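K.L.:
sequence and predicted structure below; questions after.
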Amino acid sequence: MKWSNYKYLILRRITQLSLLFLYFAGNIYGWKVLSGDLSSSSLFSTIPLSDPFAILQMLAAGAAIGVNAIVGAVLITLFYGLIGGRAFCSWVCPVNMITDLANWLRRVLYLDKIERKVWASRNIRYYMLGLALIVSFISGLAAFEIISPITILNRGVVFGFGAGSGLLIAIFLFDLFVLKNGWCGHICPLGGVHSMIGKMNFVRVKHNSDNCTLCMKCKDVCPESQVLGMIGKRSEFVVKAECTNCGRCVDVCDDDALGFNIRNILNDTKGEKL
């Protein structure tokens with residue numbers, strides 16, 4: 001095993017587990033680094049951090065939103081909009097560890113080689129986003145937050161798992177046996193929100209077609225393989241908004257054909273619509 005083939009994967013796991021530990025320590029031991037959860041947090045008891053999707057649901061539900069929550073949502077939006085892109089899904093979200101495990105098992109067990117009739121549009125996440133806002137408006141509750149597996153896992157680590165763990169198991173089994181990257185790649189509305197937020201971010205994966213030998217290892221591991229449409233065709237940045245900036249394509253590329261770089265938005269005329 002070469003470090004270069006797993007560096008971003010290992011860094012993502014360290015980041016995800018560290019965040020879970022800090023939330024645990026903040027709630028149980030009173031540490032001030034991070035307190036709250038992934039929907040609403042406080043950094044060093046000073047800087048508010050809020051999930052923009054949670055705030056949108058609360059606004060749709062007619063709830064009164066505090067200034068700190070709005071500031072926190074703006075800060076998160078600016079960070080992912082300018083730098084992170086959809087990196088929340090691969091570097092922060094703890095459910096990603098569950099879906100990545102299912103995806104790895106699919107490859108190990110050769111389940112991808114078994115013909116299946118299951119197909120789902122990757123636009124379902126955007127429909128789910130709209131549905132969550134509509135239900136929030138009708139019910140007066142932040143609809144997705146009630147059933148969010150992200151919230152269930154985050155709070156489960158801090159306070160213990162209950163019946164909600166069944167949803168996490170269902171997502172794992174769904175991704176393993178029914179649809180590859182089913183939850184994160186097709187259904188999760190938060191993924192849709194971050195795709196829109198990070199559509200124009202500067203940090204992107206860039207492909208060098210001169211180095212590429214068309215081994216297609218990148219597409220095998222990519223959770224959003226449709227964003228790698230330039231492979232074997234041309235050198236350019238990954239411009240599709242659904243890219244999670246996970247770095248797995250960079251990890252597995254032995255040709256040095258993929259790597260992170262700073263995108264020049266003003267000169268980029270190849271951006272694609274969602």
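P.N.:
Noted; the coordinates are in hand.

K.L.:
any low-confidence regions in the protein?
P.N.:
For the chain, applying pLDDT under 70 flags the ranges 1, 115-117, 265-274.

K.L.:
which parts of the top helix by length along it are buried?
P.N.:
Determined from DSSP state H, the single longest helix within the chain is helix 7-28. Across helix 7-28, burial judged by 16 or more other Cβ atoms under 10 Å covers 8-9, 12, 16, 19-20, 22-27. In short, each C-beta sits where N, CA and C put it, glycine included.

K.L.:
and for it, what's in contact with it?
P.N.:
Helix 7-28 is contacted by residues 3, 31-38, 41, 90-94, 96-97, 154, 157-159, 246-248, 250-251 when judged by Cβ atoms under 8 Å, 6 or more residues apart in numbering.

K.L.:
are any of these buried, and if so which?
P.N.:
31, 34-38, 41, 90-94, 96, 154, 157, 246-248, 250-251.

K.L.:
narrow the residues you listed to those in strands?
P.N.:
In strands, defined here by DSSP state E, the members of the buried ones among the contacts of helix 7-28 are 34-36, 41.

K.L.:
and of the residues you listed, the nearest to R263?
P.N.:
Nearest to R263 out of those is S41 (Cβ to Cβ; 28.4 Å).

K.L.:
gap between the closest one and A170?
P.N.:
Using Cβ to Cβ, to the nearest Å, S41 is found at 27 Å from A170.

K.L.:
likewise I152?
P.N.:
Taken as Cβ to Cβ, the span from I152 to A170 is 11 Å.

K.L.:
next: I150.
P.N.:
14 Å.

K.L.:
just the ones of the contacts of helix 7-28 in helices?
P.N.:
The helices, defined by DSSP H, take in 96-97, 154, 157-159, 248, 250-251 from the contacts of helix 7-28.

K.L.:
switch those residues over to CSV; also include distance to C184.
P.N.:
Below are those laid out as CSV (distance: Cβ to Cβ, whole Å):
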residue, distance to C184
N96, 7
M97, 11
N154, 16
V157, 19
V158, 22
F159, 24
R248, 13
V250, 19
D251, 18
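
K.L.:
residue closest to the middle of the protein?
P.N.:
In the chain, the centroid-proximal residue (Cα atoms, centre = their mean) is C89; its distance is 1.2 Å.

K.L.:
what's the nearest residue to it if we skip its chain neighbours?
P.N.:
Take C89 and drop its neighbours on the chain: the residue closest to it by Cβ to Cβ, 6 or more residues apart in numbering is T244, 4.7 Å away.

K.L.:
where does the one you found sit: helix, strand or coil?
P.N.:
For T244, the assignment made with DSSP: H, G, I helix; E, B strand; the rest coil gives coil.

K.L.:
ditto for A54
P.N.:
helix.

K.L.:
ok, it to A63 distance?
P.N.:
10 Å.

K.L.:
for stretch 164-179, buried residues please.
P.N.:
Residues of stretch 164-179 classed as buried: 168, 171-172, 174-177, 179 (neighbour count, 16+ other Cβ under 10 Å).

K.L.:
among the residues you listed, which one sits closest to V118?
P.N.:
Using Cβ to Cβ, these come closest to V118 at L179, 5.3 Å.

K.L.:
once you drop chain neighbours, what's closest to L168?
P.N.:
In space, L168 comes closest to P149 once its chain neighbours are excluded; the distance is 5.6 Å by Cβ to Cβ, 6+ apart.

K.L.:
what's the spacing between E236 and F174?
P.N.:
With distances taken as Cβ to Cβ, E236 is found 33 Å from F174.

K.L.:
please apply the same query to F24.
P.N.:
Distance from F24 to F174, by Cβ to Cβ: 27 Å.

K.L.:
give the contact list for V205.
P.N.:
By Cβ under 8 Å, 6+ apart, the residues touching V205 are 237-238, 243, 245, 247, 249-250, 258-261.

K.L.:
tell me the one of the residues you listed nearest L133?
P.N.:
Taking Cβ to Cβ as the measure, L133 lies nearest C243 of those, at 24.3 Å.

K.L.:
ok, now how distant is the residue lying closest to that closest one once chain neighbours are set aside from G156?
P.N.:
Among residues not flanking C243 along the chain, V227 sits closest, at 4.4 Å (Cβ to Cβ, 6+ apart). Applying Cβ to Cβ, the value for V227 to G156 is 31 Å.
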